[in-house]
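S.K.: below is the structure, and that's it, no one-letter string:
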């Protein structure tokens, strides 16, 4: 490519004029200039990249299709390039030896792999140029020859796309002592954006060869353009978290339409959970909540664009799981053996420089999560226990997955324990524990727990050295567990592995062997828990379980009533800032089923 420049240099003289007119090039042959990403025909016609190797001859003599893999190898490799990154050997152009000649004319060239040069399973590979699209009836024919022992090797043809490889054809040596050419017809079909790989694999360093000649494409030109039409629509699906989902989509058109997938009207980037097969089937591996949404495929070719019907993917929590958006699901605070309770929260926690600002599920200030508040009246070493109901886990590959948030200078620890009921005893094992600040981010934990006949899990949050130690958790999921709740939906799960109907709870009779159905009914000395009293979510602030002096001077008790000393616990309301006159704190008991005329509240 040549470029001419005419340069005029002016002196400081306003009366000077330089002029040019009637430029001519004589004795020159001028070839039209095409852009870097275009193909130049010998006639000077410029073709776009997607007009080359599209099985349609658009240059006068079809030069745009000459280097696309078809041919007899007499002059060159016809556009096939070696893949030296993977292959150990090479396909070589040769005129033959020991009396074997090419298929075309008997005195031309073909390509071969000498198996004596390769170890077992080593191979030579050739890659074709990129093809734009092919018709449904497209096929490739070739002549091959394999000579040598039974284990001499095999020849394969692969179709390669961005979504993976497909084996189209495979032929192995059978100990044939004759050196002869055999024809193979191989179906390609309707494809988009693909290459072909011709591979010759050795069966070992044995005397023999693998040969190919006269490659030809048949019925691959897709003809006049036709509109893209969706023929198979994706269908709605409802699955559990952790499952794999497959959406199918098929389309017709000329040329063959390209298909992309969208979720909630946005193109999906492949990777992570998402993968696409060569036939445009979308697979979503191990789905999570945020994979739920509205899916559709979009098929397009130069003629038109078509959109499929929308298929909604609904992702539900497996049994025993919880995202805390509506309630605590099958979890509840332990009424004994801990010092305070977990809190269901949305938005930021009250303390600064600690706690999340959004939940993990919805990732908004309206989403809910569970957390422990480390501010006063909490003190270092106190724990809050949130536990699941009793359940049966039927899969050895069962995992407990949850998201945690631990940030602040005073973060204590979060622990997951498993309580198993074995031979009338409850055995507790620590499965996972983490201490200290982990950054202002939600982090996922996956803990293998295996199968268990009767089990429950506890999340134990421990207070650190100060108020900047809030710990939060969200999106508890039992993955691949086939979990079954020990109790039915209308039954109460006792603290021991036992069930009683909710109608028997708070009826002043112990229906659970350990009496846990009556321990949440308000009768309380507050030494071990708040005994089922529930904070009113609609009031102004909460009651607090406390011991010793209240934080404010000249008000409140310095000891409880039960023990009469500073080690005993009681319930109180704190009136200091930010409380103002008229603020209300309410607590409610559970519903009592019945009472006698002799019963009183003391």
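M.R.: That came through fine. Keep in mind that what you see is a predicted model, and the values were worked out from it rather than measured.
S.K.: how far away is the residue most central in space within the chain from residue 397?
M.R.: If you average the C-alpha coordinates of the chain and look for the closest C-alpha using Cα atoms, centre = their mean, you land on residue 273, 2.0 Å from that point. Residue 273 sits at a distance of 19 Å from residue 397 (criterion: Cβ to Cβ, to the nearest Å). In this view, the C-beta of every residue, glycine as well, is placed from N, C-alpha and C.
S.K.: again with residue 79
M.R.: Following Cβ to Cβ, the distance that separates residue 79 from residue 397 is 49 Å.
S.K.: for residue 303, same thing?
M.R.: Between residue 303 and residue 397 the computed distance is 49 Å (Cβ to Cβ).
S.K.: so how far is stretch 225-235 from its chain's centroid?
M.R.: Here stretch 225-235 shows a centroid-to-chain-centroid distance of 27 Å under the convention Cα atoms, centre = their mean, to the nearest Å.
S.K.: mind listing what's buried in it?
M.R.: 228, 230, 233-234 (16 or more other Cβ atoms under 10 Å).
S.K.: in TSV: these, plus distance to residue 252 and pLDDT.
M.R.: Output for the buried residues of stretch 225-235, formatted as TSV (distance: Cβ to Cβ, whole Å; pLDDT from 0 to 100):
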residue	distance to residue 252	pLDDT
228	8	92
230	9	96
233	13	97
234	16	97
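S.K.: which regions of this protein sit below the pLDDT cut-off?
M.R.: Per-residue confidence for the chain (pLDDT under 70) gives these ranges: 1-5, 7-16, 29-32, 176-177, 596-600.
S.K.: need the contact list for the closest residue to residue 203 other than its chain neighbours.
M.R.: Taking Cβ to Cβ, 6 or more residues apart in numbering, and ignoring the residues beside it in sequence, residue 203 has residue 151 as its nearest neighbour in space, at 3.7 Å. Residue 151 makes contact with 120, 173, 203-204, 206, according to Cβ atoms under 8 Å, 6 or more residues apart in numbering.
S.K.: in which helix or strand does residue 151 reside?
M.R.: Mapping residue 151 onto the secondary structure by DSSP states H and E places it in no helix or strand at all.
S.K.: how far away is it from residue 460?
M.R.: The spacing between residue 151 and residue 460, counted by Cβ to Cβ, is 63 Å.
S.K.: am I right that residue 290 is in a strand?
M.R.: No: with the criterion set as DSSP: H, G, I helix; E, B strand; the rest coil, the secondary structure at residue 290 is helix rather than a strand.
S.K.: now it: how far from residue 361?
M.R.: Taking Cβ to Cβ as the measure, residue 290 and residue 361 are separated by 8 Å.
S.K.: picking that back up, got phi/psi on the residue nearest to residue 203?
M.R.: Backbone dihedrals for residue 151, given as degrees, to the nearest 10, come out at phi -100, psi 20.
S.K.: and it, how close does it get to residue 199?
M.R.: Using Cβ to Cβ, one gets 17 Å for the distance from residue 151 to residue 199.
S.K.: same thing with residue 390?
M.R.: For residue 390, the distance to residue 199 equals 57 Å [Cβ to Cβ].
S.K.: residue 532 reaches residue 333, doesn't it?
M.R.: No: applying Cβ atoms under 8 Å, one finds residue 532 not in contact with residue 333, separated by 9.4 Å.
S.K.: which residue is the nearest non-sequential neighbour of residue 88?
M.R.: Nearest non-adjacent residue to residue 88 (Cβ to Cβ, 6+ apart): residue 122, at 4.0 Å.
S.K.: correct me, but that neighbour touches residue 200?
M.R.: No: Residue 122 is not in contact with residue 200 according to Cβ under 8 Å; the separation is 9.8 Å.
S.K.: quick one, which of those two is more surrounded?
M.R.: Here residue 122 and residue 200 are compared on neighbour count by other Cβ atoms under 10 Å; more neighbours surround residue 200, at 29 against 19.
S.K.: mind checking the SS state of that one?
M.R.: When the structure is split into helix, strand and coil by three-state DSSP, residue 200 lands in strand.
S.K.: beta partners of it?
M.R.: Using DSSP bridges, the bridge partners assigned to residue 200 are residue 124, residue 155.
S.K.: need the contact list for it.
M.R.: The contact partners of residue 200, by Cβ under 8 Å, 6+ apart, come to 89, 91, 113, 123-125, 153-155, 210.
S.K.: of all these, which comes closest to residue 50?
M.R.: Distances from those to residue 50 were compared by Cβ to Cβ; the smallest belongs to residue 125, at 25.4 Å.
S.K.: residues near the closest one, how many?
M.R.: 24.
S.K.: before we move on, what SS does the closest residue to residue 138 other than its chain neighbours have?
M.R.: Leaving aside its sequence neighbours, residue 138 sits nearest to residue 220 (Cβ to Cβ, 6+ apart; 3.8 Å). Here residue 220 is coil, with the state taken from three-state DSSP.
S.K.: wouldn't residue 220 be in contact with residue 134 here?
M.R.: Yes: applying Cβ under 8 Å as the test, residue 220 and residue 134 come out as touching, 4.7 Å apart.
S.K.: hey, what's in contact with both of the two?
M.R.: Between them, residue 220 and residue 134 share the neighbouring residues 55, 188, with contact defined by Cβ under 8 Å, 6+ apart.
S.K.: just to revisit the earlier point, now list whatever residues contact both of residue 122 and residue 200.
M.R.: Common neighbours of residue 122 and residue 200 (criterion: Cβ under 8 Å, 6+ apart): residue 89.
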